[in-house]
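In: Turn this into a model:
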Amino acid sequence: MLVRVAVGIILRNGAVFIALRNSTQHQGGLWEFPGGKCEPSESAEIALARELKEECGIAVTESSFYKTISHDYGDKQVELCFYKVTGFDGEPEGSEGQTVNWVAISNLSAYRFPEANQQIVSELMAAV
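Out: Have a look, this model is predicted:
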């Protein structure tokens, strides 16, 4: 079963907002860029706005599609639709109780991310 996920690379002043996955979740205990599953009839862009409002308490005002990455974890197949979020209303937080952090892009390698996110981490760091 393929799971489509909208993911926000929330950027501000050379830093990116990341969240720690709950230990009970798939890939739990690893850091991620916030986002969530797309509903069956929902576009990734609409899902992104909804999920970032629910998870981080922000309203996206400016975003641009970055890239789609498909990954097979063996027990789960994901299609991650990444968007760079450069404008938003509100201050991002862990609205669902998750640990969150603003991290300098140059320091992203100090955090452990799911395998499907590694390419994004590498590309962000290479662009700094």
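In: Just to be sure, Phe17 is in a helix?
Out: No: the assignment for Phe17, made by DSSP: H, G, I helix; E, B strand; the rest coil, is strand rather than a helix.
In: which SS state does Val121 fall under?
Out: Classified using three-state DSSP, Val121 is helix.
In: Verify the stated contact: it with Pro114.
Out: No: applying CB atoms under 8 Å as the test, Val121 and Pro114 come out as separate, 10.1 Å apart. Just so you know, the C-beta spots here come from the backbone N, C-alpha and C atoms, and that holds for glycine as well.
In: And the residue nearest to the spatial centre of the chain, how far from Ser41?
Out: Centroid check for the chain by CA atoms, centre = their mean gives Phe33 as the closest residue, at 2.4 Å. Phe33 sits 24 Å away from Ser41, going by CB to CB, to the nearest Å.
In: Then Gly28?
Out: Distance from Gly28 to Ser41, by CB to CB: 29 Å.
In: Repeat that for Val7.
Out: 19 Å.
In: Compare those two and say which is more crowded by neighbours.
Out: Val7 (27 against 6; other CB atoms under 10 Å).
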